[in-house]
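> Below are the sequence and a predicted model; questions follow.
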Amino acid sequence: MRLHDCCGYMPNLVILPGLDGTGVRIAEFIGQMTPVSVRIIPYPRDIPLGYTELEALVRAQLPTAGRYALLAESFSGPLAMRIGAEPPKGLCGVILCGTFAKNPFPRLLRPLAVRAPIKSLPRWVRAPLMWGSTNPRRAPPRSQRAMSGVSRAVIRRRIGEIFDVDATRSLARIALPVLVLIARRDHVVPRAATSLLLYNSPQALVAEIDGPHLLLQSRPAECADRVLRFLRHWN
């Protein structure tokens, strides 16, 4: 499907956040998205939900009027793939950022990963993993606040879902335009997982940006530029 066949004007943007489920870390990216209207759909902070329950929650909160694109960050990628495979009215495109279609850590033991102290990781660990810097100060305070408000049970459930998910069939069924944002220095999602994603979406547009896993947060202007280019095809 050609991008300009979907609708006659630039759509709005609905964002599905990463593992913390809050979206509080992407204010700078949203600020770069003028004149597009941007909305985040947050996930419950104290109710452990799997991908199936989260899909129902997201579908119930999607716009009922107008056109929009769905941007999914990291953990939320499989949700956007499922929704894109059976798109509701108004959905024009799917944007996948730093994400995966299937368990990106096949060699990592699930029980150990689920019990990993993700919330209490020190900054010197988080900074190189998430922000691509060996300087702990490069992990801004808001990165800690985003996770601190989410219960351990919720984080463990979401990590467990990552190990069980396989949205490759859904991804292959998406007939809408797809944009894939790839972080060139992603130390969280392995390259093999990205290659599998692209293999199952051969028609996707690909934008590789020189940045770490938290691409929207660390490279907001570059990401916004690529997303706006994608959305402008609806004009």
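Everything's here; your move. Computed from a prediction, not measured in an experiment: that's the story for all the values here.

> Could you use CA atoms for every contact and neighbour count after this?
Noted.

> hang on, Ala221 packs against Phe29?
Yes. Counting by C-alpha atoms under 8 Å, Ala221 does reach Phe29; the two are 6.5 Å apart.

> So, low pLDDT: which residues of the protein?
In the predicted model, the chain carries pLDDT under 70 at residues 1-8, 107-146, 234-235.

> what's the residue nearest in space to the middle of it sitting at in phi/psi?
In the chain, the residue lying closest to the centroid (C-alpha atoms, centre = their mean) is Glu73, at 1.0 Å. With angles defined as degrees, to the nearest 10, Glu73 sits at phi -100, psi 130.

> Phi and psi next, for the closest residue to Leu91 other than its chain neighbours.
Of all residues beyond its chain neighbours, the one nearest Leu91 is Tyr68 (5.3 Å), with distances taken as C-alpha to C-alpha, 6 or more residues apart in numbering. Summarising the backbone geometry of Tyr68 under the convention degrees, to the nearest 10, its torsions are phi -160, psi 160.

> ok, now how distant is Tyr68 from Thr168?
If you measure Tyr68 against Thr168 using C-alpha to C-alpha, to the nearest Å, the figure is 23 Å.

> Those two: who's more crowded?
For Tyr68 and Thr168, the more surrounded residue by other C-alpha atoms under 10 Å is Tyr68, and the numbers stand at 24 against 20.

> wait, isn't the more buried one in contact with Ile15?
No. Contact status for Tyr68 versus Ile15: not in contact, 10.2 Å apart, counting by C-alpha under 8 Å.

> Can you pull the residues that touch both of those two?
Between them, Tyr68 and Ile15 share no neighbouring residue, with contact defined by C-alpha atoms under 8 Å, 6 or more residues apart in numbering.

> residue ranges of the strands in this protein, please?
Listed from the start of the chain, the chain has strands (DSSP state E) covering 12-16, 38-40, 68-73, 91-97, 178-183, 205-209.

> Ok, which of these comes nearest Thr52?
With C-alpha to C-alpha as the measure, strand 12-16 is the member of these nearest Thr52 (14.5 Å).
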